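Trainee: how does the following fold in three dimensions:
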Amino acid sequence: MSALTALLNTYRTASVSEREKGTYFEELICTYLRNEATYCDLYAQVWTYSAWSKEQGLDGRDTGIDLVAKTHGTGEIHAIQCKFFADNYRIQKSDIDSFFTASGKKPFTHRVIVTTTNNWNEHAADALQNQQPPVSKIDRQDLENSQIDWARYQPNQAVVLKAKKQLRDHQKRALLSVASGLQTADRGKLIMACGTGKTFTSLKIAEQLAGAGKRVLFLVPSLSLLSQTLTEWTQESETPLHSFAVCSDSDVGKKRKKDDDAVQTFAHELRYPATTAPRKLAAEMLKRHDDQHMSVVFSTYHSIAVISDAQTQHGLADFDLIICDEAHRTTGATFGDDDESAFVKVHIADYIRSTKRLYMTATPRIYGELAKASAEKDDVALCSMDDGSLYGKELFVITFSEAVKAELLVDYKVLVLAMDEKHISSRLQKLLADDDNQIKLEDAAKIIGCWKALSKQDTREDLLDDGDPMRRAVAFCQVIEYQKFAKTHKVSSKNIASMFDQVVESYKASNPESTDTAATLICEASHVDGGMTASQKEAELDWLKAEVPDNTCRILSNVRCLSEGVDVPALDAVLFLTPRNSQVDVVQSVGRVMRKAEGKKRGYVILPVVIPSGMAPDEALNDNKTYKVVWQVLQALRSHDDRFDAMVNKLDLIGSDPAKMEIIAVTEKLNKKTDRSNTGKDNGKDTYGIGEKSGKYDHGPAPEQFGLEFEIGEIERAIYAKVVQKCGNRSHWEDWAKDIAKIARTHITRITSIIEDEDNTREREAFFSFAGELRDDLNDSISDGEVIEMLAQHLITKPVFDALFEGYSFASNNPMSCAMQNVLDVLQEHHLDKEADTLQRFYDSVKMRADGIDNAEGKQKIIVELYDKFFRNAFPRMTERLGIVYTPVEVVDFIIHSVNDILQSEFGQTLGSDGVHIIDPFTGTGTFITRLLQSGLISKEQLQSCWR
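Mentor: All right, here's what the predicted structure looks like:
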């Protein structure tokens, strides 16, 4: 029970009448409005209605108005009603009619309703729209989130406020980097993973870059985010704020658009008065702006025209700083002569005037070269976040992987559930045959896949540290309502929510002999969509956040309204039942399950897919529509998480990485393709489907089951192979090569300058000594320029090999590297290495790709790949001059086996025979030698004699 709930319960039990209970609550709200940062800046005075009416010489009898407040600066009078209802009470229109009547005339310019419940019936909720004077709501959740420490609240005593937050280390670095970058630049980007505190960091940036006496504009994509940001800034600011909220006409009174599934917050649902009038905004800021406060306008992107008009037509001063939150929303295309959308207009310096602009996001959106070329061809203006003229440079970045490493977020794991259609059909025949429900086989299969994943049935051993079933999840579907006559089946959010528990219980009933405790998990599901009010959405989220009964998991289903602005740190999983059109939406959703909470070890991304009966895995996986959800989600994770990218790009070397992604086939009894009965091998887990115990196949008659057409294990292998094909990509090493060629030239220039300076006696001595040894031992025609080029290359390549062979210092054990390093150590006082600071991310990518590969073949493959895709492009002159050619491994294998065959057919010998000498005078990456050793053409015994 929260401290506020306990306090309200005290009022209920201590009051002898409804009037006394109401008085207690009115006094509480008076204290709230006078001390909560958001309102103590807004209101100069707050009275009870009886005290105010007495001052005004009016009749003080109760007319529905409980409190009256007067605003700072403008002197407006606001009427306030306080409704102390039971938590489950549903507010009726009749409850607010008298208040609207009494407050609908002068001098009141705004109205506020404070309630202890979020439940409004349809007529009462509709009555709030398009009111004049306008109305705002303050609900129970707003009171709970107050700055006031309710646990220490005592009537008629000084209010105790909660301690303000302090910057964490990564936020301090972000503040320093942004402040430094915007000293000279007029715009820049702040990239911070979801859950690492962008909003609070941006406040501290504004306080440092702008501060008291300055003006800041904070732009967000929705009114709900506006409300969250305004609350956090006013509560956490060390600099006193004058806050102004701006919304557009579209936010005021339009009917909710249910089909787009974006839960809309309208102006009357804000707890802070907002204006749609440019003239009023300019006038209020002019009256209230002073040197002691930082004036902050909180606005949606849709309302940007209000800001522009206030500046161009009504004298609103230029801003000192604009902060664009969720800045990926400001990307996109503008066609021909079309007007720019509200989201991209913020880039135009003359449209919104400001000294500095900061773009914040966790998920930068960048368009590829093909999209840019197509846009240019079609006369389309394309805003992409890699356009420095629009967004500036990256001033600070903390990625998902960096945030996990710093323990700011928990890690996540992907669970792909491959559901055999026959298995589900055989278990749920009765349910599927029932005309009274709308459940289809595909939906039922996905529900069971989600349930098995949520209960962690037969997941790998790496989850032993996190073996408890999941307790909270969000599911993403395709449409809200079930579409009976649609041409293609679409997964309905309402249908999934209504049928989830019924499907699970029917499945459990089909296997009553199961003793697996994980198979008893109970699932409760609910649904949220864009037709709901913000309060209704908040109520569903409160249900999800609340304490969950034992052995129970709560699932909140939606289409897309939960992609953004959802803060449930204890969320365990996100379920993708259908493909997502936006990579950003996927990453934002996954970011929700990475937030830290007590006892939480990791978040889960669950992808249930259906394997059609009678179809081979490879054939089934060619159905792009069915498996699109897997490829889309994995691609999205790759694009924003370098660790996941590295894992996907290592699958061809390691086969699988169950720590990051697990593919589990859920099937019926196995019909084996090959007879392994005499092999004497225990095939372990791959022999049985998820949720099946080996004993079940060994004892007694089993229920009749459908056989699967392929071996268990084949499905998993097929999906892993398809993941590599669909999602793998290592072109980024080739991209790095372009940067490295430039840095190598810089190194050469700097080393040359150092050596040519005769004052650098120590450096010259070390260099010419090394050059002399090279000419003496290797080739007397080596020039000074070539020696300098060698040193420049070593500066760049040493960290690559250190990353590749972690724990074994290449430079310390290779004689040539040691000699070059000795020279570079002498040159180091000139700080040559700072030229390569920008390469750290490349070195990290090499280390990440090599990490966890403990077999020589895998390491060799990476080395060949590096030389083929990186070094050859990074040092093109050397490659051309020396005639270096990197032979593909397949060609190397062909040559080795061809030579061995010719030795046998022509000379009766093999590569391992006595007297056969193997010479590789042009060894580069060692591919020929290593592939020969791996081929088995030379036995271990022969190898020893060959070596000698």
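
Trainee: beta partners of Met294?
Mentor: Leu241 (DSSP bridges).

Trainee: wait, Lys137
Mentor: Bridge pairing for Lys137 - DSSP bridges - gives Ile113.

Trainee: ok, it - how many residues close by?
Mentor: 21 (other C-beta atoms under 10 Å). Glycine gets a C-beta too; all of them are placed from N, C-alpha and C.

Trainee: for Ile113, see how far away it is.
Mentor: Counting by C-beta to C-beta, to the nearest Å, the gap from Lys137 to Ile113 is 5 Å.

Trainee: ditto for Gly926
Mentor: As for Gly926, its distance to Ile113 is 77 Å (criterion: C-beta to C-beta).

Trainee: and if you look at Arg152?
Mentor: In terms of C-beta to C-beta, Arg152 sits 27 Å off from Ile113.

Trainee: okay, and the common contacts of Lys137 and Ile113?
Mentor: Leu128 (C-beta atoms under 8 Å, 6 or more residues apart in numbering).

Trainee: so for Gly926 and Ile113, which residue has more residues nearby?
Mentor: The neighbour count for Gly926 versus Ile113, taken as other C-beta under 10 Å, is higher for Ile113 (25 against 13).

Trainee: which residues touch that one?
Mentor: Ile113 neighbours (C-beta under 8 Å, 6+ apart): 80-81, 83, 96, 99, 128, 135-138.

Trainee: neighbours of the nearest residue to Ala151 once chain neighbours are set aside, just the number please.
Mentor: Once flanking residues are discounted, Ala151 sits nearest to Ala3: 3.8 Å by C-beta to C-beta, 6 or more residues apart in numbering. Neighbour count of Ala3, defined by other C-beta under 10 Å: 14.

Trainee: next: Ile611.
Mentor: Ile611, neighbours per other C-beta under 10 Å, totals 28.

Trainee: is it bridged to anything, and to what?
Mentor: Residues in beta-bridge contact with Ile611 (DSSP bridges): Asp420.

Trainee: that one contacts His423, correct?
Mentor: No: Ile611 lies out of contact with His423 (C-beta atoms under 8 Å); the separation is 9.1 Å.

Trainee: show me this structure divided up by domain.
Mentor: 3-152, 174-398, 403-727, 731-882, 889-947 (automatic domain parsing).

Trainee: what about the second one, start to end distance?
Mentor: It refers to domain 174-398. Domain 174-398 has an end-to-end distance of 9 Å (C-alpha to C-alpha, to the nearest Å).

Trainee: just to revisit the earlier point, for the residue nearest to Ala151, list the residues it contacts.
Mentor: 149-151, 153.

Trainee: please redo it, this time with the cut-off set to 10 Å
Mentor: If a contact means C-beta atoms under 10 Å, 6 or more residues apart in numbering, then Ala3 has 144, 148-153 as its contacts.

Trainee: so which of those residues comes closest to Glu829?
Mentor: Asp149 (56.1 Å; C-beta to C-beta).

Trainee: burial check on the closest one, number of neighbours?
Mentor: For Asp149, using other C-beta under 10 Å, the count is 13.

Trainee: for the nearest residue to it once chain neighbours are set aside, give me its contacts.
Mentor: Using C-beta to C-beta, 6+ apart and skipping residues adjacent in sequence, the residue nearest Asp149 is Val160, 4.6 Å away. Taking C-beta under 10 Å, 6+ apart, we find Val160 in contact with 35, 147-154.

Trainee: at 8 Å instead, please
Mentor: Contacts of Val160 by C-beta under 8 Å, 6+ apart are 148-149, 152-153.

Trainee: among those residues, name the buried ones.
Mentor: 148, 153 (16 or more other C-beta atoms under 10 Å).

Trainee: show me which pair in the contacts of Val160 is furthest apart.
Mentor: Using C-beta to C-beta, the two most remote members of the contacts of Val160 are Ile148 and Arg152, lying 8.7 Å apart.

Trainee: next, the distance between the ends of stretch 214-232.
Mentor: End residues of stretch 214-232 are separated by 19 Å (C-alpha to C-alpha).

Trainee: chain center to stretch 209-221, what's the gap?
Mentor: The chain centre lies 26 Å from the centre of stretch 209-221; the measure is C-alpha atoms, centre = their mean, to the nearest Å.

Trainee: what residues of that stretch count as buried?
Mentor: Applying 16+ other C-beta under 10 Å to stretch 209-221 flags 209-210, 214-221 as buried.

Trainee: same thing with stretch 386-400?
Mentor: 390-392, 394-396, 398-400.

Trainee: just stretch 300-314 next, same as before
Mentor: Buried, per 16+ other C-beta under 10 Å, within stretch 300-314: 300-304, 306-311, 314.

Trainee: in stretch 897-908, which residues are buried?
Mentor: Of all the residues in stretch 897-908, those buried under the rule 16+ other C-beta under 10 Å are 899-900, 903.

Trainee: now for the protein, the helix or strand with the poorest mean pLDDT.
Mentor: The helix or strand of the chain with the poorest confidence is helix 369-377; it has a mean of 60 (mean pLDDT, DSSP states H and E).

Trainee: point out where the stretch 351-500 of the chain drops to low pLDDT.
Mentor: 366-382, 458, 460-464, 485-486 (pLDDT under 70).

Trainee: hey, where'd the strands end up in it?
Mentor: 354-361, 380-383, 393-398, 411-420, 472-476 (DSSP state E, counting those that start in this stretch).

Trainee: dump the ones you listed to JSON lines, plus distance to Ala44.
Mentor: Shown next, in JSON lines, are the strands of the stretch 351-500 of the chain (distance: least, C-beta to C-beta, whole Å):
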{"stretch": "strand 354-361", "distance to Ala44": "30"}
{"stretch": "strand 380-383", "distance to Ala44": "43"}
{"stretch": "strand 393-398", "distance to Ala44": "39"}
{"stretch": "strand 411-420", "distance to Ala44": "49"}
{"stretch": "strand 472-476", "distance to Ala44": "43"}
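
Trainee: ok, which of these comes nearest Gly332?
Mentor: With C-beta to C-beta as the measure, strand 380-383 is the member of the strands of the stretch 351-500 of the chain nearest Gly332 (5.7 Å).

Trainee: so Ile65 belongs to a strand, correct?
Mentor: No: with DSSP: H, G, I helix; E, B strand; the rest coil as the criterion, Ile65 is located in coil rather than a strand.

Trainee: that one is in contact with Ser103, isn't it?
Mentor: Yes: the pair Ile65 / Ser103 is scored as a contact, 5.7 Å apart, by C-beta under 8 Å.

Trainee: more neighbours: these two, which one.
Mentor: Using other C-beta under 10 Å, the more surrounded residue of Ile65 and Ser103 is Ser103, with 26 against 22.

Trainee: surely that one and Gly64 touch.
Mentor: Yes: shown here, Ser103 and Gly64 form a contact pair, counting by C-beta under 8 Å, at 7.4 Å.

Trainee: now the strands: where do they sit in the stretch 551-700 of the chain?
Mentor: In the stretch 551-700 of the chain, the segments counted as strands under DSSP E, counting those that start in this stretch are 552-558, 573-576, 602-611, 661-666.
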